[in-house]
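Participant: What follows is a predicted structure for the sequence shown.
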Amino acid sequence: MASSNNNSLFSTMVRSGRTTYFVDVREAKNGNKFLAISESRLDSENKKQRATVRVFGESVHELRKAIDEASATIG
C-alpha cells in the first residue's frame, strides 16, 4: 500500500470484515522510528471510525512479545 506521507518506511494492511488494520513504520521529525497501528472500521451507521496507536523505541519489542503471548492463548 502506498502512503502519502514521506515519513512512512513500511506499510501494510489486513482486512477483517468491516475492519481494516494498517501497520506502518514511520519516522518522526526528530529521526526516531515508531510503529503505528491503525484500525479503520465502519460503525453501525456505515460511518468510518479510525483509531491509531503509536509505539516508540524498545516498547515495540515488548508489545510484540505481549501480542505473541496473547495470540498463543487464542489459538
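Facilitator: Thanks, I have it. Numbers count the residues shown, from 1 in each chain.
Participant: so where do the strands sit in this structure?
Facilitator: 8-16, 19-27, 33-42, 48-56 (DSSP state E).
Participant: For these, please prepare a markdown table with the additional fields distance to residue 72, mean neighbour count and mean pLDDT.
Facilitator: Just so you know, the C-beta spots here come from the backbone N, C-alpha and C atoms, and that holds for glycine as well. Listed next are the strands of the chain as a markdown table, based on distance: least, CB to CB, whole Å; neighbours: other CB atoms under 10 Å; pLDDT from 0 to 100:
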| stretch | distance to residue 72 | mean neighbour count | mean pLDDT |
| --- | --- | --- | --- |
| strand 8-16 | 19 | 11 | 96 |
| strand 19-27 | 19 | 16 | 96 |
| strand 33-42 | 19 | 15 | 96 |
| strand 48-56 | 20 | 11 | 96 |
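Participant: Kindly reformat these as TSV containing distance to residue 73.
Facilitator: Below are the strands of the chain laid out as TSV (distance: least, CB to CB, whole Å):
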stretch	distance to residue 73
strand 8-16	19
strand 19-27	19
strand 33-42	19
strand 48-56	20
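Participant: Which of those sits closest to residue 67?
Facilitator: Proximity to residue 67 (CB to CB) singles out strand 33-42 among these, at 9.9 Å.
Participant: so what's the residue nearest to the spatial centre of the chain up against?
Facilitator: Nearest to the mean C-alpha position of the chain, by CA atoms, centre = their mean, lies residue 37 at 1.3 Å. Residues counted as contacts of residue 37 (CB atoms under 8 Å, 6 or more residues apart in numbering) are 21, 22, 23, 24, 52, 53, 55.
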